[in-house]
Structures are given as C-alpha cells and as structure tokens.
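In: What shape does this take:
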Amino acid sequence: MRIEVGDEGGGKSMDKCSICGKTYPETTLKKMVQISGRKAYLNQICPACQAIVLNNPSYYYLEEKSKKTTS
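Out: Okay, the predicted model is just below:
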C-alpha cells in the first residue's frame, strides 16, 4: 500500500511494512522475497523487522538489476 505525502502530490511516497504494518518512507523499506512451499511472496520490510526476518531462512533480499544501455 502506497501513500503520497505532500500538498501537490509530489512529496515522498510512504509504504507499509509487510510484517508490522507501520508506515515508512519507500527508501527505508527493503524488498525481500519470502519463499513458502512453491510460492514466492514480495514483502517490504522495515529496519526494525529486518532483525527478525534475517534469522528466518525463508526470506531473501531482492536484488534489482539496473539496465544499462550501450549505444
């Protein structure tokens, strides 16, 4: 869930942590993948919940690759 903060809508975007549900700036949350059985779930984890999640072997950091265009 994303919440826009600002008068003109050009402010910081806020998202909720998938574990505790508190609202944080989008840059603060880490994208992690939870693997459960044959399914993978994308979660956004706040810094407080990362300490809990890091000890769980079913969570992995999601690495986003940047696309480089060469001309």
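In: wouldn't Asn43 be in contact with Val33 here?
Out: Yes: between Asn43 and Val33 a contact is recorded at 7.4 Å, counting by CB atoms under 8 Å. Yep, even glycine has a C-beta here, placed from its N, CA and C like the rest.
In: just the strands in this protein please.
Out: Ranges of strands within the chain are 2-4, 13-16, 23-25, 30-36, 39-45, 59-61, based on DSSP state E.
In: sorry, back to before: please enumerate the shared neighbours of Asn43 and Val33.
Out: Common contact partners of Asn43 and Val33 (CB atoms under 8 Å, 6 or more residues apart in numbering): Tyr59.
In: neighbour count winner among those two?
Out: Asn43 (17 against 14; other CB atoms under 10 Å).
In: Under the pLDDT cut-off, which ranges of this protein? List them.
Out: Within the chain, the segments meeting pLDDT under 70 span 1-11, 69-71.
In: Show me the residue sitting in the middle of it in space.
Out: Gln44 (2.5 Å; CA atoms, centre = their mean).
In: Would you list the phi and psi of the residue lying closest to it once chain neighbours are set aside?
Out: In space, not counting the residues next to it along the chain, Gln44 is nearest to Leu29; the distance is 4.1 Å by CB to CB, 6 or more residues apart in numbering. Phi and psi for Leu29, reported as degrees, to the nearest 10, are phi -80, psi 140.
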